[in-house]
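Student: Structure for the following, please:
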Amino acid sequence: MRTLLKNGWLLSSQLGAVPEKVNIVIEDGLIREITSRDISDSDQFNQIIDAEGKFLMPGLVNGHMHSYANFVKATTENIPLEAWMLHIMAQGRCLEPEDLYWNAMLGAAEMLKTGTTCCMDHLAQGLDGLEAAMRAYEDIGMRATIAPMIGDKTYFETMPVDQSLVPSELKTAQPPAVKTLIDTTVTLLKKWQGKDNRLGVAFGPSGPQRCTDELMKECMRLAIEYDTAWHSHVLESKVQEQTAHFLYGKPMVVHLDEIGCLNERTSLVHAVWLTREEAKLAAARGSIIVHNPASNLILGSGIAPVNMYRELGLTVGLGTDGANCGGSLNLLEVMKLAAMLHKFSNPDPTNWITAAETLEMATINSAKVSLRHKEIGKLEAGRRADIVILNPRNSTALQPIQNPLWQLVNSEWGAGVDTVLVEGRVVVQGGKLTLVDEEKLYGEANRRAALVVEKYQKLTTDVEQQSKYLTELLSK
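Tutor: Numbering: from 1, shown residues only. Modelled structure (predicted):
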């Protein structure tokens with residue numbers, strides 16, 4: 001399959017770069033050539049896409065999200081992370097494999113239609129649910145890595161509290177054994193890793209405080225063996241910082257390093273409360289930070305010290321988190337937050353995050369989360385053809401055209417996304433999905449979400465009881 005994408009203006013994340021009018025030759029899912037020369041022999045192409053007057057950019061990469069969350073967005077409000085997690089765990093128990101399929105399909109639709117072509121899905125489900133989500137990404141044509149979110153501690157064991165004080169009736173069920181949890185990930189990996197050159201599997205311990213050292217070390221051992229990523233929530237809230245000292249007697253990232261779980265495969269999700277010592281250590285090991293500013297603000301978890309991370313040479317990528325705590329899976333919104341949120345903490349405007357740097361955070365940097373940074377994240381020959389075409393005539397954010405890169409980061413919300421290619425295949429055209437029936441998708445999502453929320457409502461009394469007790473315990 002050969003495709004010619006012609007006459008588009010190439011948006012580059014290089015500082016000060018002026019958009020250049022180019023033609024892109026795509027063959028078998030790869031960018032073969034990007035050139036300003038005229039390519040007139042149309043007979044050699046199976047498909048020609050005229051991008052005259054439009055902008056070309058690399059597909060955005062969502063470095064962290066949870067597909068299960070799409071059905072339950074807007075079901076909670078103003079609940080801090082630790083108590084909020086009790087609601088989310090209850091909602092997760094209400095999902096059937098078919099729900100997971102349409103959940104992932106709905107999220108993928110939102111991402112593709114707003115310019116995101118690849119995601120890291122941190123999904124806490126059994127094998128049937130994980131496979132259902134993977135099938136959704138396969139069917140809709142998106143690039144995705146699923147990291148089964150696993151932990152082998154009960155919920156109150158993840159808190160900085162004396163376990164003898166927790167009433168037995170409030171304790172959650174004991175999670176599966178390490179071998180069972182690991183076997184699920186390995187089974188998924190052996191079936192799906194590398195499928196269609198789009199799909200992958202990573203190891204996803206939920207968070208250090210939620211896992212025994214045995215589980216985290218085994219995840220890293222296997223990540224190295226299978227040459228894949230290690231993805232975990234780390235120091236998302238102030239309580240988690242306190243938990244690290246309660247459990248380990250030392251900072252969380254120091255402990256991760258001591259047990260061999262801090263290296264170039266490691267992505268530290270949220271990373272709101274790292275000390276400077278921890279940030280230096282993570283930078284030295286080549287780990288990546290996944291910044292989720294929207295969910296950190298909505299849950300009141302804090303603002304990650306991104307300026308410090310950049311100063312120390314840490315790679316910072318971007319994620320939306322789940323739609324139930326980040327509001328959406330629109331990475332354009334997250335780029336805008338990331339670009340503006342950290343200016344106040346740095347008095348020198350010459351060191352503020354630029355639009356070009358923000359785009360890098362949402363593309364090549366986030367691609368490192370799934371170890372795909374040599375394949376995607378830039379538009380250049382030899383990389384996979386994940387391309388977004390923006391039509392400024394469809395977006396007031398891109399009118400008048402002054403500095404399209406600045407406007408993309410600070411103004412655009414998705415209206416300009418016209419055509420999206422993943423692996424050289426058109427998956428969005430004229431703003432519409434090409435491989436799935438959108439009306440059927442939205443109908444199924446609404447029908448199934450209503451049933452899920454109905455089940456969840458029956459669990460809220462127990463959840464509120466646990467939440468009330470947890471809040472009292474943490475306030476002591």
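
Student: Which neighbouring elements make contact with the helix or strand that contains residue 356?
Tutor: Remark: residue 356 resides in helix 355-360, with elements defined by DSSP states H and E. Helices and strands touching helix 355-360, by 3 or more Cβ pairs under 8 Å, 6 or more residues apart in numbering; DSSP states H and E, are helix 331-341, helix 404-410. Where C-beta positions appear, they are placed from N, C-alpha and C, glycine not excepted.

Student: Out of those, which is the most enclosed?
Tutor: helix 331-341 (a mean of 22; mean count of other Cβ atoms under 10 Å).

Student: and it, what's its mean pLDDT?
Tutor: What helix 331-341 shows for mean pLDDT is 97.

Student: cool, and stretch 266-282?
Tutor: 98.

Student: export the helices and strands packed on helix 355-360 to TSV and tack on distance to residue 304?
Tutor: Shown next, in TSV, are these (distance: least, Cβ to Cβ, whole Å):
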stretch	distance to residue 304
helix 331-341	9
helix 404-410	18
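
Student: one step back: and the contacts of the helix or strand that the helix holding residue 356 is followed by?
Tutor: Downstream of helix 355-360, the first helix or strand assigned by DSSP H and E is helix 366-367. Residues outside helix 366-367 that contact it (Cβ atoms under 8 Å, 6 or more residues apart in numbering): 60-63, 118, 290, 317-319, 373, 375-377.

Student: will you turn those into TSV that also has distance to residue 203?
Tutor: TSV is the format used below for the contacts of helix 366-367 (distance: Cβ to Cβ, whole Å):
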residue	distance to residue 203
60	24
61	19
62	19
63	16
118	18
290	15
317	18
318	21
319	17
373	18
375	20
376	20
377	22
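
Student: Show only the entries of the residues you listed found in strands.
Tutor: Using DSSP state E, 60, 61, 62, 63, 118, 290, 317, 318 are the members of these that sit in strands.

Student: gap between the third one and residue 294?
Tutor: Think residue 62. According to Cβ to Cβ, to the nearest Å, residue 62 stands 12 Å off from residue 294.

Student: anything in contact with each of those two?
Tutor: residue 320.

Student: Who has more neighbours out of the two?
Tutor: residue 62 (29 against 25; other Cβ atoms under 10 Å).

Student: Residues in a beta bridge with that one, which ones?
Tutor: residue 119 (DSSP bridges).

Student: so it makes contact with residue 110?
Tutor: No - using Cβ atoms under 8 Å, residue 62 makes no contact with residue 110, being 10.2 Å away.

Student: Mutual contacts of those two, please.
Tutor: residue 329.

Student: Check which helices and strands the longest helix along the chain sits against.
Tutor: The residue-count maximum for a helix in the chain (DSSP state H) belongs to helix 438-457. The criterion is 3+ Cβ pairs under 8 Å, 6+ apart, and the helices and strands that helix 438-457 contacts are helix 81-92, helix 97-113.

Student: is it possible to export the ones you listed to JSON lines including mean pLDDT, mean neighbour count and distance to residue 464?
Tutor: Formatted as JSON lines, these follow (pLDDT from 0 to 100; neighbours: other Cβ atoms under 10 Å; distance: least, Cβ to Cβ, whole Å):
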{"stretch": "helix 81-92", "mean pLDDT": "91", "mean neighbour count": "21", "distance to residue 464": "9"}
{"stretch": "helix 97-113", "mean pLDDT": "98", "mean neighbour count": "24", "distance to residue 464": "24"}
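
Student: and residue 149, which of the ones you listed is closest to it?
Tutor: helix 81-92 (9.6 Å; Cβ to Cβ).

Student: Counting by contacts, list what the closest one packs against.
Tutor: Where contact means 3+ Cβ pairs under 8 Å, 6+ apart, helix 81-92 is packed against helix 323-326, helix 438-457, helix 460-475.

Student: so where's the stretch 51-200 of the chain uncertain?
Tutor: Residue ranges of the stretch 51-200 of the chain with pLDDT under 70: 169-171.

Student: the helices in it, which residues?
Tutor: 81-92, 97-113, 127-140, 178-192 (DSSP state H, counting those that start in this stretch).

Student: out of those helices, which comes closest to residue 243?
Tutor: Closest to residue 243 of these, according to Cβ to Cβ: helix 81-92, at 9.6 Å.

Student: Extract the C-alpha set from that closest one and format it as PDB.
Tutor: The C-alpha trace of helix 81-92 is given here as PDB (Å, rounded to 0.1, in the frame of the first residue of the first chain):
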ATOM      1  CA  LEU A  81      -7.400  10.600  45.600                       C
ATOM      2  CA  GLU A  82      -7.300   8.200  48.500                       C
ATOM      3  CA  ALA A  83     -11.000   8.300  49.100                       C
ATOM      4  CA  TRP A  84     -11.800   8.500  45.400                       C
ATOM      5  CA  MET A  85      -9.900   5.300  44.800                       C
ATOM      6  CA  LEU A  86     -12.500   3.400  46.800                       C
ATOM      7  CA  HIS A  87     -15.200   4.600  44.400                       C
ATOM      8  CA  ILE A  88     -13.200   3.600  41.400                       C
ATOM      9  CA  MET A  89     -12.400   0.100  42.700                       C
ATOM     10  CA  ALA A  90     -16.100  -0.400  43.300                       C
ATOM     11  CA  GLN A  91     -16.900   0.800  39.700                       C
ATOM     12  CA  GLY A  92     -14.300  -1.500  38.300                       C
END
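
Student: Can you give me the distance of residue 147 to residue 71?
Tutor: 20 Å.

Student: And for residue 257?
Tutor: 37 Å.

Student: Looking at the two, which one has more neighbours?
Tutor: Legend: neighbour count by other Cβ under 10 Å for residue 257 and residue 71, higher for residue 71 (27 against 19).

Student: got the domain boundaries for this protein?
Tutor: 2-57+380-433, 60-344 (automatic domain parsing).

Student: Return the most buried member of these.
Tutor: Highest mean neighbour count among the domains of the chain (mean count of other Cβ under 10 Å): domain 60-344, with a mean of 21.

Student: List of residues touching the longest helix of the chain?
Tutor: 70-72, 75, 87, 90-91, 94-95, 98-99, 102-103, 105-106, 109, 432-433.

Student: Over to stretch 224-233?
Tutor: 64, 120, 122, 145, 147, 186, 189, 193, 200-208, 216, 219-220, 223, 261, 263, 265-270, 369-371.

Student: One more: stretch 21-33?
Tutor: Contacts for stretch 21-33 (Cβ under 8 Å, 6+ apart): 1-10, 34-39, 56, 197, 379-385, 387, 421, 423-425.
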